[in-house]
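J.: give me a model of this one.
(one chain, ligands or ions: 2)
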Amino acid sequence: MNADLVVVGTGFFGLTVAERLASAGRKVLMIDRREHLGGNAYSEAEASTGIEVHRYGAHLFHTANERVWEYVNRFTRFTSYEHRVYTTHRGEVFPMPINLGTINQFFRSAYGPAAARELIREQAAELGDRVPENLDEQGVRLIGRPLYEAFIREYTAKQWQTDPRELPASIIKRLPVRYTYDNRYFNDPHQGLPVDGYTAWLERMADHPNIEVRLSTDFFDSSQPVHQAAVVGQVPVVYTGPVDRYFDYAEGELSWRTLDFETEVLDVGDFQGTSVMNYADAEVPYTRIHEFRHFHPERDYPDDRTVIMREYSRFAARQDEPYYPVNTADDRERLKRYRDLMAAERDVHFGGRLGTYQYLDMHMAIGSALSMVDNQLS
Ligand code: FAD
Ligand code: NA
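T.: Ligands and ions are numbered 1, 2, ... in the order given. This next block holds a predicted model:
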C-alpha cells in the first residue's frame with residue numbers, strides 16, 4: 001500500500017490528522033464507510049430549494065480555543081450567525097437557556113437579577129440537605145420545581161424515553177440560569193457558520209495531493225484492500241469509528257442515544273421565524289424543529305418555500321447511527337477494559353467521538369486531533 005498512514009473515518013478528527021500530516025509531507029489514505037466525506041458535520045443543499053440541510057443534525061460552530069480558531073480559518077470564513085433557541089411550553093414561547101426573560105415571562109414578574117436569584121435560591125432549597133436520588137430531584141435542587149417541571153422534566157424524558165425519576169442524578173451536573181437577558185446559546189468568543197457551507201469546508205481539508213479518500217469503504221469489510229486485518233501492523237492507523245466495533249464487541253456493547261430526523265419542504269417562506277424551536281411538553285413527540293433557512297439569513301434563498309426538520313430522540317440499536325454516549329456505570333466499566341485493549345494495540349491511534357466514546361463538539365474534535373498529531377504522530 002502506497003501510504004504512510006491510514007485514517008479510518010473522514011469526520012473532523014480524521015480530516016484534521018490527515019491534513020496536518022499530509023502538509024508535513026506524509027502520504028495519507030483515508031477511508032469512510034459512508035458514500036460522502038465529512039462525518040456528522042456533512043451538509044447538502046435540499047434539491048428543490050437550495051437550502052443547506054445538516055443531514056445528521058444541526059451543527060453550530062463555536063470555540064474559545066485560539067489555536068483551533070486560527071486553524072479552521074485556513075479552510076473557511078465564518079458568518080456572524082449567533083445561535084439562539086426558543087421553547088414552546090403550554091402554548092407559549094419562551095427564550096432559552098433559562099434567563100431573566102424566561103423567568104419574568106414564566107412568573108409574570110419584573111424581577112431584577114438579585115431578586116430573581118433569590119427566588120430561584122428559595123425554590124431550589126425545597127429538598128433541604130438531602131442528596132438527590134434521581135434526575136427529578138437533581139433538577140429541583142438545581143433550579144427549583146416550577147422551572148424544572150416546565151422546561152426540563154418532560155423534555156429530558158423525551159430525550160431519554162425514560163421517566164426522570166428513573167434516571168441517575170448524574171446526567172445533569174448543572175442547569176445554567178442566566179440572570180441577564182442575554183439568550184445567546186454559546187458563550188464562546190468565536191461562533192458562526194461556514195460561509196460556503198460545511199461540505200465545502202470539509203472538502204477543502206481533504207484537498208491535498210498527499211491525501212487519497214476512498215468512500216463507501218468499511219474498515220471491517222475484508223473484501224476490500226484497506227481492511228483491519230490487512231492494514232494493522234503494516235502501517236500506522238488512526239481509527240475514528242466505534243471502539244467496541246474495532247474489538248468486535250469483546251467487552252460488550254457501549255450504549256448510545258440516536259436521533260431520528262423527519263425533513264419536510266413546506267410551501268411557506270417562513271415556518272417558525274427562528275432556526276430552532278424546542279418543544280418542552282410531553283404531548284409533542286419530537287424534541288425540536290429546525291428551520292434551516294434561518295441559519296443563513298445572508299443567503300438568497302427562495303421566499304415561498306422552507307425546509308424544516310423534526311428531531312426525535314431514542315436509544316440506539318446496533319444498526320443505528322450512534323450520536324450521544326449514554327455513559328451508564330456499565331458503559332464506564334466496559335470503556336475501562338476497552339482502554340486497556342486500545343493501549344495494547346500497537347500503532348493504532350484511537351480518536352474522535354466514536355473512537356473514544358465521548359461527546360465532542362467540533363472544536364473539541366479538531367483540538368484533540370491537533371494534540372494527537374503533536375504528541376503521537378509527528
Ligand atoms: P464523526 O464526524 O462521527 O466521523 C466519524 C467517521 O467515521 C464517520 O464518517 C463514519 O462514517 C466513519 N466510520 C465509522 N466506522 C467506520 C468504519 N468501520 N469504516 C470506515 N469508516 C467508518 N458539534 C458542534 O461543535 N456543534 C454542534 O452544534 C454540534 N451538533 C451536533 C449534533 C449532533 C446530532 C451530533 C451527533 C453531533 C454534533 N456535534 C456538534 C458534534 C460533531 O458532530 C462532532 O464533533 C464531529 O462529528 C466529530 O468528528 P469525528 O471525526 O470525531 O466523528
Ligand atoms: Na447541535
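
J.: what sits against the closest residue to ligand 1 within the stretch 251-378 of the chain?
T.: Going by Cβ to the nearest ligand atom, ligand 1 is nearest to residue 352 of the stretch 251-378 of the chain, at 2.6 Å. Every residue, glycine included, has its C-beta placed from N, CA and C. By Cβ atoms under 8 Å, 6 or more residues apart in numbering, the residues touching residue 352 are 9, 11-14, 39, 240, 360, 365, 368-369.

J.: which parts of the stretch 251-378 of the chain are strands?
T.: Taking DSSP state E, counting those that start in this stretch as the test, the strands found in the stretch 251-378 of the chain are 256-266, 276-279, 288-291, 306-315, 324-325, 348-350.

J.: and these, which one averages the lowest pLDDT?
T.: Of all these, the minimum mean pLDDT falls on strand 324-325 (a mean of 92).

J.: what are the pairing partners of that one, and which direction each?
T.: Applying DSSP bridges, strand 324-325 is found paired with strand 256-266 (antiparallel).

J.: and the direction of the partner strand versus that of strand 306-315, what angle?
T.: Calculated by axes from the mean of the first three to the mean of the last three Cα atoms, to 10 degrees, strand 256-266 forms an angle of 160 degrees with strand 306-315.

J.: interface residues of the stretch 51-200 of the chain facing ligand 1?
T.: When proximity is defined as Cβ under 6 Å from any ligand atom, the stretch 51-200 of the chain approaches ligand 1 at 56-61.

J.: and the gap between the nearest residue to residue 92 once chain neighbours are set aside and ligand 1?
T.: Nearest residue to residue 92, sequence neighbours excluded (Cβ to Cβ, 6 or more residues apart in numbering): residue 105, at 7.6 Å. For residue 105, the distance to ligand 1 equals 26 Å [Cβ to the nearest ligand atom, to the nearest Å].

J.: quick one: neighbours of residue 105, just the number.
T.: Neighbours of residue 105 under the rule other Cβ atoms under 10 Å: 13.

J.: and it, what element?
T.: According to DSSP states H and E, residue 105 maps onto helix 100-106.

J.: which strands and helices sit next to that helix?
T.: With contacts taken as 3 or more Cβ pairs under 8 Å, 6 or more residues apart in numbering; DSSP states H and E, helix 100-106 sits against strand 92-96, helix 113-124, helix 145-147.

J.: surely the residue nearest to residue 92 touches residue 94?
T.: Yes. Here residue 105 reaches residue 94: they are 5.7 Å apart, a contact under Cβ atoms under 8 Å.

J.: what residues sit buried inside stretch 198-207?
T.: In terms of neighbour count (16 or more other Cβ atoms under 10 Å), stretch 198-207 has its buried residues at 198-199, 201-206.

J.: save those residues as a markdown table, and put in secondary structure too.
T.: Listed next are the buried residues of stretch 198-207 as a markdown table, based on DSSP: H, G, I helix; E, B strand; the rest coil:
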| residue | secondary structure |
| --- | --- |
| 198 | helix |
| 199 | helix |
| 201 | helix |
| 202 | helix |
| 203 | helix |
| 204 | helix |
| 205 | helix |
| 206 | helix |
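
J.: turn the residues you listed into TSV, including distance to residue 218 and pLDDT.
T.: Listed next are the buried residues of stretch 198-207 as TSV, based on distance: Cβ to Cβ, whole Å; pLDDT from 0 to 100:
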residue	distance to residue 218	pLDDT
198	23	98
199	21	98
201	25	98
202	20	98
203	21	98
204	25	98
205	22	98
206	19	98
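
J.: pLDDT wise, what is residue 176 at?
T.: For residue 176, the pLDDT comes out at 88.
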